[in-house]
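Q: Mind looking at a prediction? Sequence and model below.
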Amino acid sequence: MIRKDNGKTGTEYGDPLYLQVERRIEDFLLRGRYKSGDRIPPEVELVESLGVSRITVRAGLARLVERDLLERRQGSGTFLVRPPGGARLAAGLERLETYTVHAARLGVELDSEDLTIASVEARRDQAEALEIPVGSPLVCVSRVLVMAGKRAAWMVDVVPEEIVDIEEVQRHYRPDSMLLDLLVSRGVSVGFSQMSIEAVLVNPGDETGKRLGLEKPSAALSLVQTMYLTEGRPAQWSKDVFLPGHLNLHVVRELFEVRKLS
């Protein structure tokens, strides 16, 4: 939280205010509300929302301009040149949207490496999630997600062949999209999903570490998700492992019940 200006200009409260403002504006841009080329709020609005002086806001903005993240245009305002932090996807857990949608919102280019589309037999964990017998035929899409030219995540998606066959996936799957994009475009009525999120350690010798080209151990974010048809039947199981700095998650929670204190 930024302390309001009070005449102190040193590092009495930690980092100087202009550095705190720089980070706060950077976080604001990473939430997915702006994409490359968009005009960001004027200084007066940032002053009000951050609770600091105009000169401090200008100093924070100047640092982002120096980093080529923002561009000032005389008489027009300040515009986002590129998302900060090497590009991160900003996903809201309250809505089922694909990373393709988030990337388009941010102006981030997606691609795939080590892409394989194959017929496989359902493992026990996949079978339990999809409510099918172990060994049932699945279409498996495995790939390394590349964001802005950097390896960001290893993704594995499986779907029962009775929902979509492998020939259709091979014909229509695009490296810059998700399997969910293909399912929806083919008329599969996906309605909702359930997701578990876990912080994990990935080692260079692990399969995930090899796929992502790690040279040393790294923390990562593992997302395991089951997607369901509108009728309630499981339709797709996915596991995505994101390296740090490539995915921001947020959630909106509605107040449901509290304990009343007397």
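A: Cool, the structure landed.

Q: contacts for whichever strand or helix holds residue 226?
A: Following DSSP states H and E, the helix or strand that holds residue 226 is strand 218-229. Strand 218-229 is contacted from outside by 96, 129-130, 180, 188-202, 208-209, 234-244, 247, 249, using CB atoms under 8 Å, 6 or more residues apart in numbering. For glycine as for every other residue, the C-beta is placed from the backbone atoms N, C-alpha and C.

Q: hang on, residue 204 in a helix?
A: No: counting by DSSP: H, G, I helix; E, B strand; the rest coil, residue 204 falls outside a helix, being coil.

Q: Pop out the phi and psi values for it.
A: phi -60, psi -30 (degrees, to the nearest 10).

Q: Now find how far off-centre the strand holding residue 226 is within its chain.
A: 11 Å (CA atoms, centre = their mean, to the nearest Å).

Q: and if you look at stretch 185-200?
A: For stretch 185-200, the distance to the chain centre is 14 Å (CA atoms, centre = their mean).

Q: Pull it out as CSV, backbone CA atoms only.
A: The C-alpha trace of stretch 185-200 is given here as CSV (Å, rounded to 0.1, in the frame of the first residue of the first chain):
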residue,chain,number,x,y,z
SER,A,185,-16.2,-23.2,-32.4
ARG,A,186,-17.3,-26.8,-33.3
GLY,A,187,-20.6,-26.3,-31.3
VAL,A,188,-19.7,-28.2,-28.1
SER,A,189,-21.8,-26.6,-25.3
VAL,A,190,-19.2,-26.0,-22.6
GLY,A,191,-20.9,-24.4,-19.6
PHE,A,192,-18.6,-24.3,-16.6
SER,A,193,-15.4,-25.6,-15.0
GLN,A,194,-13.8,-26.6,-11.7
MET,A,195,-10.1,-25.8,-11.1
SER,A,196,-7.5,-26.6,-8.5
ILE,A,197,-4.5,-24.4,-8.1
GLU,A,198,-1.2,-25.5,-6.5
ALA,A,199,2.3,-24.0,-6.1
VAL,A,200,4.9,-26.6,-7.2
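
Q: Next, the buried residues of that stretch.
A: 188, 190, 193 (16 or more other CB atoms under 10 Å).

Q: which among those residues gets closest to residue 26?
A: residue 193 (29.5 Å; CB to CB).

Q: how about that closest one, what does it touch?
A: Residue 193 touches 96, 225-228, counting by CB under 8 Å, 6+ apart.

Q: Confidence-wise, which of those comes last?
A: Across the contacts of residue 193, the bottom pLDDT score, 55, is held by residue 96.

Q: just the helices in the stretch 101-250 of the chain please.
A: Under the criterion DSSP state H, counting those that start in this stretch, the stretch 101-250 of the chain carries helices at the ranges 124-130, 166-172, 179-185, 207-211.

Q: possible to save the ones you listed as a markdown table with mean pLDDT and distance to residue 114?
A: Rendered in a markdown table, the data for the helices of the stretch 101-250 of the chain read as follows (pLDDT from 0 to 100; distance: least, CB to CB, whole Å):
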| stretch | mean pLDDT | distance to residue 114 |
| --- | --- | --- |
| helix 124-130 | 94 | 20 |
| helix 166-172 | 93 | 16 |
| helix 179-185 | 87 | 15 |
| helix 207-211 | 93 | 6 |
